[in-house]
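Participant: Pasting the sequence and the predicted coordinates here, then a few questions.
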Amino acid sequence: MCPMNCHPTLCGMLVEVDGDRLVSVKGDPDNPDSQGFLCVRGQASREIIGNPRRLLRPLVRPRRDADWREATWDEALDLIAARMRAAGREGVGIWSGHGAFANNYGTRVNSHLMRRFANLWGCQWWNPTMICWGLGAFGLGLTGVLEANTKEDMGAHASFILLWGANLASQPNTGRHLAAARRRGAHVVTVDVRRTEAAAQSDEVLLLRPGTDAALALGMMHVIVGEGLHDRDFVARHTVGFDALTAHLKTHTPAWAAEVTGIAAERIVALARRYATTRPASIVLGGSSMHKGSNGWQGARAVGCLPALTGNVGIPGGGFGPRHGARSHGQELNDITLMDRRPPGRYVPNQMPRVTEALGDGRLRALLLFGTDMLSSYADAGRLAEGLGRTDVVVSHDLFLNDTARRFADVVLPSTSWLEELGCKSTNTHLYLMEPALPPAGESRTVAEVLRGLAGRLGVDDFYPWADPAGVLDALINHPATGGATVAAIRAEGGIRALRISHVAHPDRVFPTPSGKVEFVSERAASLGLPALPVYEPLPDSPYPLIFRQGRTLTQFHGFYDHGRALPTLARLDPEPVLWISPDDGVSRDLSDGAAIRIFNERGEFAARARITDQVPAGTVWMRDGWTGLNRLTDGEATIPDMAVDSFGFSGGQASFDARVEVARV
């Protein structure tokens, strides 16, 4: 399976090796999820193997301005364990990124092992969902529509598909099913802050001002309820709070929504009518980028009401289509984290700004980073850098050096690649076993081996009771949802097993809310100090005129492989930061296409080149995420209260990532 983790549409690979040498990588035509497809990211993964920049041996340095020297594993692990003891268990934090899940996304073996270690020893561990899809899912969770219909169901049954903040660069495999739906006659609409790759597959594109998704959804609901287009039977049987929602919607007219969003009122009315009267209708909701902003979760909260209002829940072709992090109905695995063994302690919440604060005030003295470039992915990166600079030890376990490791790591540990370890990944429909195709390069080791070495030195009992990596996988995947899968059983079946799931989300019309129904009014939200009804709250005022947003492209996905810089193909296709800026905004700033620019606000500045394009509206600027230093511009304040972040078993504790900026020629 491809190590780029474009969940929920992971792609299968055929890998040819000759002895210890990788010969070729290509798409697997027999993979039921990808059917031979492999995008440019997946094709570039062959450049991981044999890459001269690859980390092959442990490295240590006495000071962060000193040169690295090679060390033995025993020396490196002894040093780390000693610093961890000195910091005390509550002064040690474990943080992981997508690089740690390249061979176990969906099953998240490494995430389970990290949390198991943290629970047994009693150190800090933070849920990585908080930096990715967790905040949007928090909004959906308050409404109650967390499950997703599969891409196969959408392609076969949806008559209307609304791509809301969903750029298919993040899940390119979904594109095939979108195309199949269009061939059947399905109408496709894109709502986004720019014309994305997905817009080319759409019949209509609506560009809205960043952070106004909730206003558009409220305007649509005003039309649907006001014109009696809602599904009265579904609303009566399966929702709560409809009367309060109806009263709430009276002031949220299409004219009001038009002024807020920048989308003409007549287009909002037309979209609402088409969505409500075309059945079944599916919404593919953005997984991460859409929810950047202090009000980002409220967009998901409001959009989450639309399927229930129109009865598009629990039916083929309806509900929400594939979404990063979303489960299909019935998808489940076992838990090996031993949460009940976690000792009492002063634990830093699963909330990004609280982690930054704990680094800054000295509560966190040691940091173990697995497969993550923390400095490039956290908001308010300047403040984070100050905190990292105060730590006693930072450890980076990865395939390549990244910006965080270069600046702040004291110890660097070489990681195995996806072809060098036993792995198991899960999509929404299938479980895939990956056998090792190559021996570990150099002295690289897996996450499990690193944690086992530390557990032994720190006296952490019961951390790894299994005889081998297959035993860990069996403990996780042997579940009714997988048909009691084991490594041996999947191996005998050729490495692929279909999950026992429903392609339709919430088919039983039971929802993960206190009432068991879809909640237009959420008492849970009110108890957390949040609005009980879906609302639109404007972004904070700023003296800087341009709203900055960042997102994904086909040439980059998350921070691993040094944000793609280590892979020549991706580095060549995407060589430098480029800011999309409208012709009107470019003219008013005397900018030409390709001009060297600086992007700045009260937090810092960032160098890039201008791309003058009508694919982004005036007042909005956009850039691919992940560039070193970019997040110096973004706000690191909390978006929801600490007590709310773990409401649904994942963390919604994302910082706001708000940024208003100005742009000037260098």
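Facilitator: Everything's here; your move.
Participant: worst-scoring helix or strand of this protein, pLDDT-wise?
Facilitator: Least confident helix or strand, the chain: helix 560-563 with a mean of 82, by mean pLDDT, DSSP states H and E.
Participant: Which helix or strand lies directly C-terminal to that helix?
Facilitator: helix 568-573 (DSSP states H and E).
Participant: Tell me the gap between that next one and the middle of its chain.
Facilitator: 23 Å (Cα atoms, centre = their mean, to the nearest Å).
Participant: and that helix, which residues are buried?
Facilitator: Within helix 568-573, the residues scored as buried using 16 or more other Cβ atoms under 10 Å are 569-571, 573. For the C-beta atoms, the positions are set from N, CA and C on the backbone; glycine is no exception.
Participant: Just put these in a markdown table and tack on pLDDT and distance to residue 340.
Facilitator: Conversion of those to a markdown table gives the following (pLDDT from 0 to 100; distance: Cβ to Cβ, whole Å):
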| residue | pLDDT | distance to residue 340 |
| --- | --- | --- |
| 569 | 94 | 47 |
| 570 | 92 | 43 |
| 571 | 92 | 46 |
| 573 | 92 | 48 |
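Participant: Make TSV from these and add distance to residue 558 to it.
Facilitator: Converted to TSV, the buried residues of helix 568-573 look like this (distance: Cβ to Cβ, whole Å):
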residue	distance to residue 558
569	17
570	12
571	16
573	17
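Participant: and of these, the nearest to residue 649?
Facilitator: For these, the minimum distance to residue 649 (Cβ to Cβ) is 33.9 Å, reached by residue 570.
Participant: For burial, what's the neighbour tally of the residue nearest to the closest one when sequence neighbours are not counted?
Facilitator: Closest residue in space to residue 570, ignoring its immediate chain neighbours: residue 564 at 3.8 Å, by Cβ to Cβ, 6 or more residues apart in numbering. As a burial measure, residue 564 scores 25 neighbours (other Cβ atoms under 10 Å).
Participant: What confidence value was assigned to residue 564?
Facilitator: You'll see residue 564 listed with a pLDDT of 80.
Participant: The stretch 251-400 of the chain: strands as residue ranges?
Facilitator: Using DSSP state E, counting those that start in this stretch, the strands of the stretch 251-400 of the chain run over 281-285, 366-370, 393-398.
Participant: Deepest in the core, which of those is it.
Facilitator: Across those, the average number of neighbours (mean count of other Cβ atoms under 10 Å) peaks for strand 281-285, which reaches a mean of 29.
Participant: could you say what helices and strands that one packs with?
Facilitator: strand 160-164, helix 296-303, helix 305-309 (3 or more Cβ pairs under 8 Å, 6 or more residues apart in numbering; DSSP states H and E).
Participant: if we go to 6 Å?
Facilitator: Where contact means 3 or more Cβ pairs under 6 Å, 6 or more residues apart in numbering; DSSP states H and E, strand 281-285 is packed against strand 160-164.
Participant: Buried ones in the strand it packs on, by neighbour count?
Facilitator: For strand 160-164, by 16+ other Cβ under 10 Å, it's 160-164.
Participant: possible to save those residues as a markdown table with distance to residue 399 and pLDDT?
Facilitator: Converted to a markdown table, these look like this (distance: Cβ to Cβ, whole Å; pLDDT from 0 to 100):
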| residue | distance to residue 399 | pLDDT |
| --- | --- | --- |
| 160 | 42 | 98 |
| 161 | 37 | 98 |
| 162 | 38 | 98 |
| 163 | 33 | 97 |
| 164 | 34 | 96 |
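Participant: can I get those residues in JSON lines with distance to residue 643?
Facilitator: JSON lines is the format used below for those (distance: Cβ to Cβ, whole Å):
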{"residue": "160", "distance to residue 643": "38"}
{"residue": "161", "distance to residue 643": "36"}
{"residue": "162", "distance to residue 643": "33"}
{"residue": "163", "distance to residue 643": "34"}
{"residue": "164", "distance to residue 643": "29"}
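Participant: what helix or strand does residue 179 sit in?
Facilitator: Using DSSP H and E, residue 179 falls in helix 174-183.
Participant: coming back round to it: now for the least confident helix or strand of the chain, which elements pack on it?
Facilitator: Partner elements for helix 560-563 (3+ Cβ pairs under 6 Å, 6+ apart): none found.
Participant: now the helices for the stretch 351-500 of the chain?
Facilitator: 352-360, 374-377, 381-388, 403-408, 447-458, 469-477, 487-492 (DSSP state H, counting those that start in this stretch).
Participant: which helices and strands sit right next to the helix or strand following the helix holding residue 179?
Facilitator: On the C-terminal side of helix 174-183, the nearest following helix or strand under DSSP H and E is strand 187-192. Contact here means 3+ Cβ pairs under 6 Å, 6+ apart; on that basis strand 187-192 packs against strand 160-164, strand 204-207.
Participant: As TSV, those strands with distance to residue 118 would be great.
Facilitator: Shown next, in TSV, are the helices and strands packed on strand 187-192 (distance: least, Cβ to Cβ, whole Å):
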stretch	distance to residue 118
strand 160-164	36
strand 204-207	43
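Participant: closest one to residue 462 among those strands?
Facilitator: strand 160-164 (45.1 Å).
Participant: Centre of the chain to the closest one, how far?
Facilitator: The answer for strand 160-164 is 20 Å, by Cα atoms, centre = their mean.
Participant: Restrict that strand to CA atoms and write it as PDB.
Facilitator: Only the C-alpha atoms of strand 160-164 are listed here, as PDB (Å, rounded to 0.1, in the frame of the first residue of the first chain):
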ATOM      1  CA  PHE A 160     -26.300  15.100  -6.500                       C
ATOM      2  CA  ILE A 161     -22.800  15.500  -5.100                       C
ATOM      3  CA  LEU A 162     -21.700  18.700  -3.200                       C
ATOM      4  CA  LEU A 163     -17.900  18.900  -2.800                       C
ATOM      5  CA  TRP A 164     -17.800  21.300   0.200                       C
END
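Participant: quick one: it to strand 187-192, angle?
Facilitator: 10 degrees (axes from the mean of the first three to the mean of the last three Cα atoms, to 10 degrees).
Participant: thought residue 60 was touching residue 71?
Facilitator: Yes - under the criterion of Cβ atoms under 6 Å, residue 60 makes contact with residue 71 at 4.6 Å.
Participant: and for those two, which residues touch both?
Facilitator: Here residue 60 and residue 71 have no joint contacts, going by Cβ atoms under 6 Å, 6 or more residues apart in numbering.
Participant: picking that back up, worst average pLDDT in the helices of the stretch 351-500 of the chain?
Facilitator: helix 374-377 has the lowest average pLDDT among the helices of the stretch 351-500 of the chain, namely a mean of 92.
Participant: elements contacting it?
Facilitator: Looks like helix 374-377 contacts helix 403-408 (3+ Cβ pairs under 6 Å, 6+ apart).
Participant: again, 7 Å this time
Facilitator: Under the contact criterion of 3 or more Cβ pairs under 7 Å, 6 or more residues apart in numbering; DSSP states H and E, helix 374-377 touches helix 381-388, helix 403-408.
Participant: The shortest one: which residues count as buried?
Facilitator: Counting neighbours by 16+ other Cβ under 10 Å, one finds that the buried residues in helix 403-408 are 403-406, 408.
Participant: for it, packing partners?
Facilitator: Secondary elements touching helix 403-408 (3+ Cβ pairs under 7 Å, 6+ apart): helix 374-377, strand 393-398.
Participant: What lies in contact with the shortest one?
Facilitator: This means helix 374-377. For helix 374-377, contacts defined as Cβ atoms under 7 Å, 6 or more residues apart in numbering pick out 95, 97, 131, 381, 384-385, 403-404, 407, 559, 563, 626, 628, 631.
Participant: Ok, the longest one next?
Facilitator: Residues lying outside strand 393-398 but in contact with it, judged by Cβ under 7 Å, 6+ apart, are 55, 80, 83, 99, 366-371, 388, 404-405, 408-413, 415, 447, 450.
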